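1. Take this sequence and fold it.
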Amino acid sequence: MRAGEQLRELRNRLSITTREVEEFSRAIAEDRQNEEFYISNAWLTQLENKNSIPSIFKLYSLSVIYRTRFSDLLKVFEIDLNDTSRYQLALPLENTHVVAFEEPEASQAVTFPVRFDKSFNLESTSLIARMVEVWGEVPVPLLQRLDVRHCQYGYVGTEDFTMFPLLRPGSFVQIENYPTRLHSSQWRSEFDRPIYFVELRDGYACAWCEMRGSQLTLIPHPLSGCTIRQFSYPSDAEIVGQVTGVAMRLVPPERDSDGLPRLPKRP
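-> Sure thing, here's the model as predicted:
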């Protein structure tokens, strides 16, 4: 069905007339003190009968009146917020930055390993698919009970070679929110040395760090070819947290003939 026909069906299911939608939307517009939320009877009739596209304000009013999630009304107009992360991964930025993931809706389920093969040896390298015996649909509220409050996630820009080859450009890193200050520790190799995610005035950085007084020094990997950078702490640089995990590609992503990253296929 056309978008307008789907909206008419939602309205008819609730036995609401276009005049009632007009009255309800007027109440929302008056409360928000913004006429953009107002939906007239004539405008709604036109929306239902023609290929019109409402503004975000009017679409919000419809979602409230029709008791429908705003994201579901966006899908009526072929805008699926679940595709956001897919496009973000396919269109990487050159600069390092903090990543904000869309929160899944509570009514949805995700595929998750629910039973593991008891004979699987964690000490040996193998495929994850062989490690998992059963994959199942797990409700999102169950996953929300996991303790992920102390973690953030960062993305190492495609042109950020600060920690190369230890961390390749395009890597995703897990960041423990604490400690937000450097702590002294003994490390035997570059793999043990703490890596920190740092917020700068004009962006972010991921590097080894040293603190002397109010001077924060960002130390790159010696094979990266990058230079040491120094910033005043905390006026010009603040520590987001320590990197505790990484997801990293070992081969460059495929690109189209025009040089742009190739979008992954929809599952």
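
2. okay but residue 204 is in contact with residue 98, surely?
-> Yes. At 6.3 Å, residue 204 counts as touching residue 98 under the criterion of CB atoms under 8 Å. For glycine as for every other residue, the C-beta is placed from the backbone atoms N, C-alpha and C.

3. got any residues that touch both of those two?
-> By CB atoms under 8 Å, 6 or more residues apart in numbering, residue 204 and residue 98 have these common neighbours: 154, 197, 240.

4. Could you say which of the residues you listed is surrounded by the most neighbours?
-> With neighbours taken as other CB atoms under 10 Å, the top of the shared contacts of residue 204 and residue 98 is residue 197, carrying 24 neighbours.

5. Each with direction, which strands does the helix or strand encompassing that residue pair with?
-> Assessed by DSSP states H and E, residue 197 sits inside strand 196-200. When pairs are called by DSSP bridges, strand 196-200 turns out to pair with strand 203-212 (antiparallel), strand 237-247 (antiparallel).

6. With only the CA atoms kept, save it in CSV.
-> What follows is strand 196-200 as a C-alpha-only set of coordinates in CSV (Å, rounded to 0.1, in the frame of the first residue of the first chain):
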residue,chain,number,x,y,z
TYR,A,196,43.8,5.4,26.0
PHE,A,197,41.0,7.0,24.1
VAL,A,198,41.4,10.8,24.4
GLU,A,199,39.0,13.6,23.5
LEU,A,200,40.7,16.6,22.0
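
7. where does the stretch 1-150 of the chain dip in pLDDT?
-> 101-150 (pLDDT under 70).

8. residue ranges for the helices of the stretch 1-150 of the chain, please.
-> 3-13, 18-32, 41-49, 56-65, 70-76, 84-90, 128-131, 140-143 (DSSP state H, counting those that start in this stretch).

9. Let's verify the residue nearest to residue 187 when sequence neighbours are not counted: helix, strand, or coil?
-> With CB to CB, 6 or more residues apart in numbering as the criterion, residue 187 has its nearest non-adjacent residue at 4.4 Å, and that residue is residue 193. Under DSSP: H, G, I helix; E, B strand; the rest coil, residue 193 falls in the coil class.

10. Distance of residue 193 relative to residue 24?
-> Residue 193 sits 60 Å away from residue 24, going by CB to CB, to the nearest Å.

11. again, but for residue 70
-> Residue 70 is 16 Å from residue 24, where distance means CB to CB.

12. Pick out whichever of the two has more residues nearby.
-> Per other CB under 10 Å, whichever of residue 70 and residue 24 has more neighbours is residue 24, with 17 against 13.

13. residues contacting that one?
-> Neighbouring residues of residue 24 by CB under 8 Å, 6+ apart: 61, 64-65.

14. State the number of residues packed around the nearest residue to residue 73 once chain neighbours are set aside.
-> Counting by CB to CB, 6+ apart, residue 73 lies nearest to residue 63, which is 5.1 Å off, once chain neighbours are set aside. Using other CB under 10 Å, residue 63 has 17 other residues around it.

15. Leaving out chain neighbours, which residue sits closest to residue 250?
-> Closest to residue 250 by CB to CB, 6+ apart is residue 168, at 7.6 Å.

16. correct me, but the one you found touches residue 249?
-> Yes. Contact status for residue 168 versus residue 249: in contact at 6.7 Å, counting by CB under 8 Å.

17. neighbour count winner among those two?
-> Comparing residue 168 with residue 249 by neighbour count (other CB under 10 Å), the higher total belongs to residue 168, at 18 against 11.
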